[in-house]
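In: Sequence first, then the predicted structure, then my questions.
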Amino acid sequence: MPSNIIVDCTWPCPGENDQACILSETSLNCQQKRNSQWVWTDPHLSPQYDGEPARLHQPCITVPSFQPPATIYSSPNNTQSSVEWPPNDKYQPMDQYLSDCNPANYCEQGTCVPKFDPGQPCVSTNQCLSGVCNSNTNTCEKDSSPSSPPSQQQQHQQENDHQQNDQTKTNGVSDGPWSKPTFTTSHLVGVIIAVIVLLAAILFFYFYRRRKRASRIVTSSTSDNNSSNNDSNKVNSLIPRSLHENGSSPILPLSHINNPTSSLQPPPLPSQSALSPQAFPSSSSTSTSSSSSPSSTSPSPPTNPVHATVQSHPSTDINTTPSMQQQQLQFQLQRQHPSLSHGSSTSPPPYSP
C-alpha cells in the first residue's frame, strides 16, 4: 500500500540541470547525473531508466526495490520532500515488470520480450503494448479514460530520443557551453576544400612570380642590346666620313695604349746608307758628269732623291698612301735641312797642347 515518506529530493534538485533525484537499492536523493541510472523526474510518476534501453531478446534490469527507512521527522526541510511511495502510476506501475526494455518490450526473467496486444492475458500494465491490464479479467484492454497513456508512436519517439541522448553521452558530447563539437562529414569536406584552395593559391603565386621574373629578364636583355646598338651608332656618327671612305680605322693600335708617348714621336729617319750617293745612281752620275765636264760654268743643282725615287717608280705616285706621302715629306725636309739629320756627325776641334 502506498504511504507518505520523506525523501532527500526536491523538484528540481539544488543542482538543477546537473543533478536529479536518483533511485537505487539503498538511497533516494539528489545526486549528480550519470549514465544508466533510475531517475525520478516526477513524484507522481514512477522512476524512469535514463540510459540506453535494452532491445528484444537482450538482457534487462528491473527497477530497484527501494525500502525507505523509518524517519522521525514530522515535516521536511528545504532539501527534502514528502511523497507517496510507491508512486501511484496507472500506466507504469512500480512492479517487477518495470525495466530498462524499450517501450515495445518488457522484462521477463531477465530478458526483453514483446509486450501483449489488447485481449491477451497479463499480470501488469507494463506487459501491455497499449492500454492497461484489467485486474478483474487479467487481460490487456484499451483505456477509455481521458488521460490515456502515450501511443505506440509516441513511445517509439521517446525511445529514439533516449537512444540519441545515450549515444551523445557515450561520445562525450553534450549541449553545454564547454562541450566538444561533433566532427561530421560536412566538416571533413570543408577541410578538404580549404586545403585544395590553399594549394591552388600557392601554386598560382609561384608560377606568377616565375613568369614575372622571366619577363623581367627578357626586358632587361632587350634594353641592354638596344643601349649597345645606340652606343655603336653614336661612335660611328663621330667618325669622319673621310675615314670611312678611305677605309682607315680611327682606333689606335694597342701599342699606343701601352706607350702613349709613341704617338708623339716622329717616324724613324732613313739610315745613312739610304741617303748615300750609291742609293741614288742618277744623282751620282749627274754629279760625275758635271765634275768631269770642264765647260760647265756652274754646278747643276742636286737632284732630290725623293723625286728621283718617285720618277724611277712612277707607279707609286698613283697608289701613294698617306703614310708614304708623310715619309716623302720627311725626306724632303731632311734634304733641305741636313743639319737636322747630320748635326751629331761633326767632328770636334783638334787637340792643341
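Out: Sure thing, it's come through. Numbers count the residues shown, from 1 in each chain.
In: all strands for the stretch 101-250 of the chain, in order.
Out: Secondary structure of the stretch 101-250 of the chain by DSSP state E, counting those that start in this stretch: the strands cover 105-108, 111-114, 132-134, 139-141.
In: Would you mind telling me which of those strands is nearest residue 97?
Out: strand 105-108 (5.2 Å; CB to CB). All C-beta spots, glycine's among them, are computed from the backbone N, C-alpha and C.
In: and that closest one, what does it pack onto?
Out: Counting contacts by 3 or more CB pairs under 8 Å, 6 or more residues apart in numbering; DSSP states H and E, strand 105-108 packs against strand 111-114.
In: May I have stretch 185-196 as PDB, with CA atoms only?
Out: Only the C-alpha atoms of stretch 185-196 are listed here, as PDB (Å, rounded to 0.1, in the frame of the first residue of the first chain):
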ATOM      1  CA  THR A 185      31.200  14.600 -42.900                       C
ATOM      2  CA  SER A 186      30.400  18.200 -43.900                       C
ATOM      3  CA  HIS A 187      33.300  19.400 -41.700                       C
ATOM      4  CA  LEU A 188      35.700  16.900 -43.400                       C
ATOM      5  CA  VAL A 189      34.500  18.000 -46.900                       C
ATOM      6  CA  GLY A 190      35.100  21.700 -45.800                       C
ATOM      7  CA  VAL A 191      38.600  20.900 -44.600                       C
ATOM      8  CA  ILE A 192      39.500  19.100 -47.800                       C
ATOM      9  CA  ILE A 193      38.100  22.000 -50.000                       C
ATOM     10  CA  ALA A 194      40.100  24.500 -47.900                       C
ATOM     11  CA  VAL A 195      43.300  22.600 -48.300                       C
ATOM     12  CA  ILE A 196      42.800  22.300 -52.100                       C
END
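In: With respect to residue 42, which of the strands of the stretch 101-250 of the chain lies nearest?
Out: strand 132-134 (19.0 Å).
In: what mean pLDDT would you report for that closest one?
Out: Strand 132-134 shows a mean pLDDT of 93.
In: if we can go back for a sec, return the most buried member of the strands of the stretch 101-250 of the chain.
Out: strand 105-108 (a mean of 21; mean count of other CB atoms under 10 Å).
In: Show me what it pairs with in its sheet, parallel or antiparallel.
Out: strand 111-114 (antiparallel) (DSSP bridges).
In: what about this protein, any weak spots by pLDDT?
Out: For the chain, the stretches with pLDDT under 70 are 1, 70-74, 145-183, 224, 226-320, 338-353.
In: cutoff 80 now
Out: Applying pLDDT under 80 to the chain flags residues 1-2, 15-16, 69-75, 143-184, 220-320, 336-353.
In: Going along the chain, name the helices of it.
Out: Shown for the chain, the helices assigned by DSSP state H span residues 152-170, 185-238, 241-246, 254-258, 272-275, 281-292, 305-312, 314-318, 322-336, 338-342.
In: So the closest residue to residue 58 other than its chain neighbours versus residue 13, what's the distance?
Out: Spatial nearest neighbour of residue 58, excluding adjacent residues (CB to CB, 6 or more residues apart in numbering): residue 112 at 5.4 Å. Using CB to CB, to the nearest Å, we find residue 112 at a distance of 30 Å from residue 13.
In: Kindly report the same for residue 66.
Out: On the measure of CB to CB, residue 66 and residue 13 end up 17 Å apart.
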